[in-house]
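> Structure for this input, please:
(4 chains)
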Number of protein chains: 2
Amino acid sequence: MVPIGAAATCRPARARRPMMTLARPDELTAPVEDYLKAIYELERISGAAATTEIAHRLAIAPASVSGMVRRLADQGLLAHERYRGAKLTDEGRRVALRTIRRHRVIEAYLTRALGYDWDRVHDEAERLEHAASDDLIDRMASAIGEPTVDPHGAPIPTRDGAIDERDFVSLADLESDVPAHVVQVRDDDGSRLRYLAQLGLVPGAAVAIIERAPFGGPIRLYVGGAKRLIGPALASAVLVERVADVKPRRRRAKHRAR
Amino acid sequence: MVPIGAAATCRPARARRPMMTLARPDELTAPVEDYLKAIYELERISGAAATTEIAHRLAIAPASVSGMVRRLADQGLLAHERYRGAKLTDEGRRVALRTIRRHRVIEAYLTRALGYDWDRVHDEAERLEHAASDDLIDRMASAIGEPTVDPHGAPIPTRDGAIDERDFVSLADLESDVPAHVVQVRDDDGSRLRYLAQLGLVPGAAVAIIERAPFGGPIRLYVGGAKRLIGPALASAVLVERVADVKPRRRRAKHRAR
DNA sequence: CCCATAATTTAGTCGAGGCTAAATTATAGG
DNA sequence: CCTATAATTTAGCCTCGACTAAATTATGGG
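Sure thing, here's the model as predicted:
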C-alpha cells in the first residue's frame, strides 16, 4: 500500500489554527501589525495617518494601503474616513502598543544581553516582534531589569499598554545657549546611528547649541564638553529635553557602535 | 494639497525585497522552511518523504503537499519522483539543517538563559526559527557555551551544517538488564515532556529495563535508582544508548518542568 | 493476472497582500 | 468660482499557500 517506507512516527496533527500559519497564537498577521504600528506613529505626528504616508513608511504602493485600511477598518482596528485618513480605535491602539513594546524590548535585550550594537537591533527586532510571545517579551524585559526606554531612547510601553507620550523638541529646534540633554534619536537608519554615536549624540548626552548658521546652515554645539558641527537634517533626528524641565527618564548604558 | 497633516517624516523607503515581506534577508518563507525540516526528518526515518507523511506532520491536506513539493523541486531544493516520495537535494538539506540549528539553539537558549521549562520551548522556537538571523543564533549559542544538543537531547547542527546523525535505540526496544542512559526524548508533546521529567526520564538519566510484560504490556525499569512503570508508547518516545558503547555526547543540566 | 484500496495527483477555488493603470475627489490658487 | 494637481480609491491582476472534490496510479491479496 504505502509505496515507500511507512514508518511515519505518527505525531499528533498540530492543533489547526483558524486560517493558516499565523505569527502567534493571537491572530493578527505580521503585515497587520506593521500597518498598526505605522498608523500609530503617524497619528502621533499628524493627528491622522494619510494613505500615502502609510504607503511611504511601509514601502508599498498607496493603492495597496487603501485595500488594507478598509479591511482593518472592517475588523474594528481603525476608523477611516474616505479621503481623510485613518485613526486607530482603542483596540487598534492596544495592538499597536503591544507590537511596539515587543519591538523595543527586543531591541533593548539584544543590546544589553547579547552585545548587539545599537545600529543593528532595529532590523532584527522588526522580524522578531511578530514571532515572539508575550511571555518571552516579559522574560526578556525582566532579564535586563525592566527597561523603560529602548537603546535609542524611545519609551517602552508597559505590559498593559501605558506609554510615555511626551513630545520633545528636536536638536534642530533647540534655542541657542540652552543646556539640554539627548533623550532619543531616530533609529531608522543604521549609518546615521553609527555617525551619531561617533559624535557622542546618544541618549543622556549633555548638549547646548552654540550657534546656528542662518538658512538651514550648520549648527555648532557642545556635546558633553566637546565642540561639534552638524547639519539641520541630522539635528532633527535627535530629540532633546532642556535641563531646566528635567524630569529624567531612566536610561541604559551602552551604545557601542562600529 | 495634502488633506491631513503632511508632516510625514519621510523615512527612506526600505530596500524592497524580491517579492513580498519575507522572513529574513535570505529568501525562503516560513512554510518552505517547515517543509524542508519535515522532509529532512522523514527522510531519516524512511529514506524518503511520502506525501501523506509530510501532510500529516505539517497538519495540512495531502493535496496541498503535492503542489508545494513540485514547487520546491522546481527550485532545486528537493528531488521528487511522482508517486515515490521526495528527497532533499544538497541545497535543500543545507537549508533544512540551518533551520533545525536555529530551532534547537533557540530551544537551548530559552531554557538556559531565560528560564523556560523544557516543555514550553518547542512552540516558541517553532515561530522564532523563521525570524532570527544567523548572527542572532550564533550569539545565542555562544552566550550559553555552544551547546551540542537541545534541551531534549537532539543534536544541534553546527554553523556549517554538520550534524551528529547517530541512531539510537528507543527505550521500547532496549533489552532487559542492559544498563543504558537516556540521550534524547521526543519533544512534540508538552504534556508528555512534563510527565517524562516527573519520571526522571531526561537526557543523561541512567536506565535499565527490569521486565517487559508481553503483548505490548507495561515495562518495569529503573530510572536513576528508582523503579518506574511505563507503557511502550511512552517508552518509544525515549531514545537511549547502552552504557557499553558509551561515546558520550555533552549534555546540559536543567530540565525544569512544572 | 486482476482488483480493491490507499496514496497521490489534478483541477478548480479561496483569502491575504501585494501591484499597475485608470478613475475620483479635495484643495489650493488664480 | 473654477481648474490643475496631488491624494485617494477602484478595477483588475498576480503569487503564495492552503482547501475540496475528482481523477489517477501503485500495490498487495486473491
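> pLDDT on the host helix or strand of A:Glu107, on average?
Element membership of A:Glu107, judged by DSSP states H and E, is helix A:90-114. Averaged across helix A:90-114, the pLDDT comes to 98.
> ok, and for it, which residues are buried?
A:92-114 (16 or more other C-beta atoms under 10 Å in any protein chain shown). For every residue, glycine as well, the C-beta is placed using N, CA and C.
> hmm, the helix or strand encompassing A:Arg44 in reach of chain B?
If you go by DSSP H and E, A:Arg44 is part of helix A:30-46. Yes. Helix A:30-46 is in contact with chain B by C-beta under 8 Å from any C-beta of the partner chain, via A:30-31, A:34, A:42, A:45-46.
> now stretch A:205-219
No. Using C-beta under 8 Å from any C-beta, stretch A:205-219 stays clear of chain B, coming no nearer than 15.8 Å.
> what distance separates that stretch from the centre of its chain?
27 Å (C-alpha atoms, centre = their mean, to the nearest Å).
> now do stretch A:144-153
The chain centroid and the centroid of stretch A:144-153 are separated by 12 Å, computed with C-alpha atoms, centre = their mean.
> Other residues contacting that stretch?
Applying C-beta atoms under 8 Å, 6 or more residues apart in numbering or on different chains, the external contacts of stretch A:144-153 come out as A:103-105, A:107-109, A:111-113, A:118, A:121, A:141, A:155-156, A:164, A:182-187, A:193, A:203, A:239, A:249-252, A:254-255.
> What residues does the stretch 51-200 of chain A have near chain B?
Going by C-beta under 8 Å from any C-beta, the residues of the stretch 51-200 of chain A near chain B are A:52-53, A:56-59, A:83-85, A:110, A:113-116, A:124, A:127-128, A:130-133, A:135-136, A:139-140, A:143, A:186, A:188-189.
> Mind pulling the model confidence for the residue lying closest to A:Ala108 once chain neighbours are set aside?
Nearest non-adjacent residue to A:Ala108, counting by C-beta to C-beta, 6 or more residues apart in numbering or on different chains: A:Pro147, 4.6 Å away. Looking at A:Pro147, its pLDDT stands at 98.
> Tell me the secondary structure at A:Pro147.
coil (DSSP: H, G, I helix; E, B strand; the rest coil).
> got any ranges where the stretch 1-150 of chain A has weak pLDDT?
Applying pLDDT under 70 to the stretch 1-150 of chain A flags residues A:1-26.
> try the stretch 151-258 of chain A
Those would be A:244-258, if you go by pLDDT under 70 across the stretch 151-258 of chain A.
> for it, what spans make up the strands?
A:169-170, A:180-185, A:206-212, A:219-223, A:226-230, A:238-242 (DSSP state E, counting those that start in this stretch).
> Same list as before, the ones you listed that is, but in a markdown table and with mean neighbour count and distance to B:Glu211 included.
Below are the strands of the stretch 151-258 of chain A laid out as a markdown table (neighbours: other C-beta atoms under 10 Å in any protein chain shown; distance: least, C-beta to C-beta, whole Å):
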| stretch | mean neighbour count | distance to B:Glu211 |
| --- | --- | --- |
| strand A:169-170 | 16 | 77 |
| strand A:180-185 | 23 | 68 |
| strand A:206-212 | 17 | 77 |
| strand A:219-223 | 19 | 77 |
| strand A:226-230 | 13 | 79 |
| strand A:238-242 | 23 | 73 |
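> how about the ones you listed in CSV, adding distance to B:Arg228?
Below are those laid out as CSV (distance: least, C-beta to C-beta, whole Å):
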stretch, distance to B:Arg228
strand A:169-170, 67
strand A:180-185, 58
strand A:206-212, 66
strand A:219-223, 67
strand A:226-230, 69
strand A:238-242, 62
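> could I get the ones you listed as JSON lines with distance to DNA strand D?
Output for the strands of the stretch 151-258 of chain A, formatted as JSON lines (distance: least, C-beta to the nearest atom of the strand, whole Å):
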{"stretch": "strand A:169-170", "distance to DNA strand D": "23"}
{"stretch": "strand A:180-185", "distance to DNA strand D": "27"}
{"stretch": "strand A:206-212", "distance to DNA strand D": "29"}
{"stretch": "strand A:219-223", "distance to DNA strand D": "29"}
{"stretch": "strand A:226-230", "distance to DNA strand D": "29"}
{"stretch": "strand A:238-242", "distance to DNA strand D": "26"}
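> Contact partners for the residue nearest to A:Phe168 when sequence neighbours are not counted?
Of all residues not flanking A:Phe168 in the chain, A:Leu239 sits nearest, at 4.0 Å (C-beta to C-beta, 6+ apart). With contact set as C-beta under 8 Å, 6+ apart, A:Leu239 has these partners: A:153, A:168-171, A:182-185.
> Next: A:Ala141.
A:105, A:108-109, A:147, A:156.
> Likewise for A:Leu36?
Here A:Leu36 is in contact with A:72, A:77-78, A:88, A:92, A:95-96, A:99 (criterion: C-beta under 8 Å, 6+ apart).
> picking that back up, neighbours of the residue nearest to A:Ala108, just the number please.
A:Pro147 is flanked by 21 other residues according to other C-beta atoms under 10 Å in any protein chain shown.
> Just want the phi and psi numbers for it.
phi -70, psi 150 (degrees, to the nearest 10).
> can you give me the helices for the stretch 51-200 of chain A?
Ranges of helices in the stretch 51-200 of chain A, per DSSP state H, counting those that start in this stretch, are A:51-58, A:62-74, A:90-114, A:121-128, A:134-143, A:190-199.
> picking that back up, how about the helix holding A:Arg44: buried residues?
Buried, per 16+ other C-beta under 10 Å, within helix A:30-46: A:30-43, A:46.
> What of stretch A:57-73?
A:57-58, A:60, A:65, A:68-69, A:72-73.
> what do you get for stretch A:116-123?
A:116-122.
> now do the same end-to-end measure for it.
End-to-end span of stretch A:116-123 (C-alpha to C-alpha, to the nearest Å): 12 Å.
> how far is that stretch from where the chain is centred?
On C-alpha atoms, centre = their mean, the centre of stretch A:116-123 falls 12 Å from the chain's centre.
> Check stretch A:182-199 too.
On C-alpha atoms, centre = their mean, the centre of stretch A:182-199 falls 13 Å from the chain's centre.
> swap in stretch A:148-157?
Centre to centre, stretch against its chain (C-alpha atoms, centre = their mean), the figure for stretch A:148-157 is 8 Å.
> do stretch A:29-42 as well
With C-alpha atoms, centre = their mean, you get 11 Å for stretch A:29-42.
> next one: stretch A:178-196
Worked out by C-alpha atoms, centre = their mean, stretch A:178-196 lies 13 Å from the chain centre.
> likewise stretch A:129-145?
On C-alpha atoms, centre = their mean, the centre of stretch A:129-145 falls 16 Å from that of its chain.
> closest to B:Gly231 out of the strands of the stretch 151-258 of chain A?
Comparing these against B:Gly231 with C-beta to C-beta, the closest turns out to be strand A:180-185 (59.0 Å).
> What is the closest one packed up against?
strand A:206-212, strand A:238-242 (3 or more C-beta pairs under 8 Å, 6 or more residues apart in numbering or on different chains; DSSP states H and E).
> again, only this time at 6 Å
strand A:238-242 (3 or more C-beta pairs under 6 Å, 6 or more residues apart in numbering or on different chains; DSSP states H and E).
> which among the buried residues of helix A:30-46 gets closest to DNA strand C?
Closest approach to DNA strand C among the buried residues of helix A:30-46 (C-beta to the nearest atom of the strand): A:Pro31, at 3.3 Å.
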